[in-house]
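S.K.: Using only what follows, build the 3D model:
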Amino acid sequence: MKIDGACHCGYITYVADIDAERAGLCHCTDCQTLSGSAFRMSAPAAKENFSLLSGQPKIYVKTAESGARRAQAFCPECGTSIYSSSVEDPQVFNIRLGTARQRREIQPKSQGWFRSAHPWVLNLSAIRQFPKQRSG
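M.R.: Modelled structure (predicted):
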């Protein structure tokens with residue numbers, strides 16, 4: 001699936017052809033911390049199917065529980081996470097789908113690290129809802 005996206009401030013823009021059938025949520029505690037949320041959604045794009053159009057991300061290298069080193073790419077201006085990849089010769093970029101203009105069209109197909117999922121995540125309809133930002 002062809003997507004295009006940007007960081008929050010627009011400094012970094014990209015185009016990609018992702019494998020939407022492999023779009024997934026990650027509930028690991030690293031993704032929770034790095035995203036500042038309960039989970040993160042991403043989908044893979046092969047190296048030849050991902051292009052930065054503007055900007056250059058800052059890279060933070062995170063060592064996973066498995067010992068694998070992962071490059072976490074984010075905007076140096078606004079901090080938006082853009083992708084993760086292997087550190088050495090990345091062949092696949094896991095695009096952070098919150099940055100994609102087509103994010104509403106992409107449904108997750110799996111949930112990784114579910115043992116770390118917050119219990120309330122599967123029942124969001126039980127939580128009070130507001131159509132816009134709540135005042136007060």
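S.K.: for residue 84, what are its contacts?
M.R.: 42, 70-73, 93-94, 96 (C-beta atoms under 8 Å, 6 or more residues apart in numbering). Glycine gets a C-beta too; all of them are placed from N, C-alpha and C.
S.K.: ok, what's across the strand from it?
M.R.: residue 72, residue 94 (DSSP bridges).
S.K.: so what pLDDT did it get?
M.R.: Note on residue 84: pLDDT of 96.
S.K.: Please name the bridge partners of the residue lying closest to residue 31 once chain neighbours are set aside.
M.R.: In this structure, residue 31 finds its nearest non-sequential neighbour in residue 40, 4.0 Å apart by C-beta to C-beta, 6 or more residues apart in numbering. Residue 40 has the following beta-bridge partners by DSSP bridges: residue 26.
S.K.: Next one: residue 40 relative to residue 120, how far apart?
M.R.: In this view, residue 40 and residue 120 are 17 Å apart by C-beta to C-beta, to the nearest Å.
S.K.: How about residue 44?
M.R.: In terms of C-beta to C-beta, residue 44 sits 28 Å off from residue 120.
S.K.: list the contacts for the residue most central in space within the chain?
M.R.: With distances taken as C-alpha atoms, centre = their mean, the residue of the chain nearest its centroid is residue 96 (2.2 Å). Residues near residue 96 by C-beta under 8 Å, 6+ apart: 35, 40-42, 80-84.
S.K.: quick one: contacts of the lowest-mean-pLDDT helix or strand in the chain?
M.R.: Least confident helix or strand, the chain: helix 29-35 with a mean of 91, by mean pLDDT, DSSP states H and E. Contact with helix 29-35 is made by 38-40, 62, 64, 72, 81, 96, 113, 116, as judged by C-beta under 8 Å, 6+ apart.
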